[in-house]
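**Student:** Kindly return the folded structure for what I paste below:
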Amino acid sequence: MARGTGPIRATLSDVAARAGVSRQTVSNVLNTPEVVRPATRERVLRAVAELDYQPNTAARRLRTHRSHVLGLRMPEVGDGVSGEILDRYLHALAKEAQRAGMRIMLFAADDEEAEIREYRTLLATAGLDGFALTHTYPGDGRVRWLREHRVPFVTFGRPRGEQDDPPGAEPHPWVDVDGYAGTRMATEHLLELGHRRIGFLGWPDGSGPGDDRRAGWYAALRAAGLSEGAPEERTEEGVSPGTGAAARMLADPAVTALVCVSDSLALGALAAARDLSLTAPDRPPVAVTGFDDTPVARAVGLTSVAQPVEAVAARTVELLLAQIPGAARPASPGAGVGRGGRRDQERSSFLVTPRLVVRESSRPAR
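**Tutor:** Predicted coordinates for the structure are as follows:
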C-alpha cells in the first residue's frame, strides 16, 4: 500500500500498538534493551520485524547527540595471505556493529600523524561515537591521543610496553587472540605425533604477537624437556623469506618439524621441505604448522592455528558500546562470541582462545 508517491512507513506508535506496549517501552527495547523484561523485549522485536520498522536515525542523532557510527582506518595489506585475517575482521566488525544499530565508517591515512588528523576531522564533522584500531605498537601515538581526548576506542591487539598507557592509568580496552596458546597447541600436537626436534620460524624480536607465539612453542618444548638448543630462525614476513629461513633449520637432519608464526612463513617452509625431499629423498617428510588458517592453508592442506576473528569483532563492539553513554547493547551475543576466551573484568579486555585445525602437513614422525 502506498500513500502519495512513497510506501507507508511504520511508526513507533504502530510498533507499540502491534506489541501491546507503550511507546516508551518500544524506545527502551531499541535503545536500552537490558532494562526490558525478555518476554516483552521479544514481543517488541517481533513487531519491529513484522512491520519492517526503521528508526529515524536523523531524529535520533539530534535527540541523543550521537552518530551511531564507529570509525576504522582501512589498513594497508602488504601480504595477500595474512591480509585475509584483516578482511574477515572488517566484515565481522561491520556485521556486529549493524546488530547493535551502528555502522562502520572506513577511512584512509598514510601514517600515524595522518590518522590522528582524521580523528579530529571525523569527530568535528561527523560526530563519530568511537574508533576501532588495528596494528597497535608500543608508544602508539593514536592510543595516547584518543585517551587524552576521552574518545571511546578499542584496539585489536593488547598493550605492548609501558608507553601504551599513562603511568598509573588502567590499560586501554583491547581484544586479542592468544597467540601463546595457539602455538603451544601446535607444538604439543607435533610432540604427540612423535616429533622431538621441532624448530620455530618466527618474526624478528619485538613484534609483540610474534613474541607471544614463540613463547607458546618454547613452553611446550620445555614441558617436554626438549627446549635446550631448540632450533629457531627469525625473518621478515613473506613466503620467500620463510623458504630461506626454513632451509637453514632443515640443514640439521634431526629437525623433523617446524612451527611457523604465520601461514605465509609456513608456505615458505613447505617449499623448503619440498626442495629437501628432492635433494635428500631418503629423509622423512617434514611436518609444518602455520598460524591464521587462511584459505591458502586450507587449499594446500596446511595445519594451522585459526584466529576466531568473529569473536574478536563481537568483543570489540561490546567494549566500544560500554564506553558510549546511552548506547544500546545487542539483545543476544554475536556470532563467534561463545568460541572461548576470557575477560579481565577490571581492565575491560578480552583474550580470545584460537583453535588448531589439523591437516596433512603435520605428518607423524618416522
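**Student:** Only C-alpha atoms from now on, for both contacts and neighbour counts.
**Tutor:** OK.
**Student:** Pull the number of nearby residues for the residue nearest to residue 254 when sequence neighbours are not counted.
**Tutor:** Using C-alpha to C-alpha, 6 or more residues apart in numbering and skipping residues adjacent in sequence, the residue nearest residue 254 is residue 197, 6.2 Å away. Residues contacting residue 197 under the criterion other C-alpha atoms under 10 Å number 20.
**Student:** I'd say residue 197 and residue 229 touch.
**Tutor:** No - contact status for residue 197 versus residue 229: not in contact, 9.4 Å apart, counting by C-alpha atoms under 8 Å.
**Student:** Show me the strands in the stretch 151-300 of the chain, by range?
**Tutor:** Assigned by DSSP state E, counting those that start in this stretch, the stretch 151-300 of the chain shows strands spanning 153-156, 174-177, 198-202, 232-234, 257-260, 287-292.
**Student:** Just the residues contacting the fourth one, thanks.
**Tutor:** The contact list for strand 232-234, computed with C-alpha atoms under 8 Å, 6 or more residues apart in numbering, reads 199, 200, 201, 202, 203, 204, 205, 245, 246, 249.
**Student:** show me the contacts for the fifth one.
**Tutor:** Which is residue 203. Shown here is residue 203, whose contacts under the criterion C-alpha under 8 Å, 6+ apart are 210, 211, 234, 235, 236, 237, 261.
**Student:** what residues go with each domain of this protein?
**Tutor:** Per the record, the chain has its domains at 2-55, 69-177+308-354, 179-307, by automatic domain parsing.
**Student:** Relative to residue 363, which of these is closest?
**Tutor:** Between residue 363 and these, the shortest separation by C-alpha to C-alpha is 5.1 Å, and it involves domain 179-307.
**Student:** Between its first and last residues, how far does that closest one reach?
**Tutor:** With C-alpha to C-alpha, to the nearest Å applied, domain 179-307 spans 9 Å between its terminal residues.
**Student:** got any ranges where this protein has weak pLDDT?
**Tutor:** Screening the chain residue by residue with the criterion pLDDT under 70, one finds the ranges 1-8, 32, 34, 55-66, 77-82, 161-169, 326-347.
**Student:** and with 50 instead?
**Tutor:** Low-confidence regions of the chain, defined by pLDDT under 50, span residues 1-6, 58-59, 61-64, 162, 331-340, 343-346.
**Student:** if we can go back for a sec, and the domains of the chain: which comes nearest residue 361?
**Tutor:** Per C-alpha to C-alpha, nearest to residue 361 of the domains of the chain: domain 179-307, 5.0 Å.
**Student:** how far out from the middle of the chain is that closest one?
**Tutor:** Taking the mean of its C-alpha atoms, domain 179-307 sits 22 Å from the chain's own mean (C-alpha atoms, centre = their mean, to the nearest Å).
**Student:** One more: stretch 173-186?
**Tutor:** Taking C-alpha atoms, centre = their mean, the mean C-alpha location of stretch 173-186 is offset from the chain mean by 11 Å.
**Student:** Not counting residues beside it along the chain, what's closest to residue 211?
**Tutor:** In this structure, residue 211 finds its nearest non-sequential neighbour in residue 205, 6.7 Å apart by C-alpha to C-alpha, 6+ apart.
**Student:** Test my guess that residue 317 contacts residue 99.
**Tutor:** No - the pair residue 317 and residue 99 fails to qualify as a contact (C-alpha under 8 Å) at a distance of 9.8 Å.
**Student:** correct me, but residue 112 touches residue 142?
**Tutor:** Yes - shown here, residue 112 and residue 142 form a contact pair, counting by C-alpha under 8 Å, at 6.6 Å.
**Student:** Looking at these two, which is more packed in?
**Tutor:** Between residue 112 and residue 142, counting by other C-alpha under 10 Å, residue 142 is the more crowded of the two (18 against 12).
**Student:** Would you double-check that residue 146 falls in a helix?
**Tutor:** Yes - counting by DSSP: H, G, I helix; E, B strand; the rest coil, residue 146 falls inside a helix.
**Student:** All the helices of the stretch 251-366 of the chain, in order from the start?
**Tutor:** Across the stretch 251-366 of the chain, reading from the start of the chain, the helices by DSSP state H, counting those that start in this stretch fall at 263-279, 295-300, 309-323.
**Student:** Need the winner for burial among those helices.
**Tutor:** Per-stretch averages of neighbours, counted by mean count of other C-alpha atoms under 10 Å, single out helix 309-323 among those, with a mean of 24.
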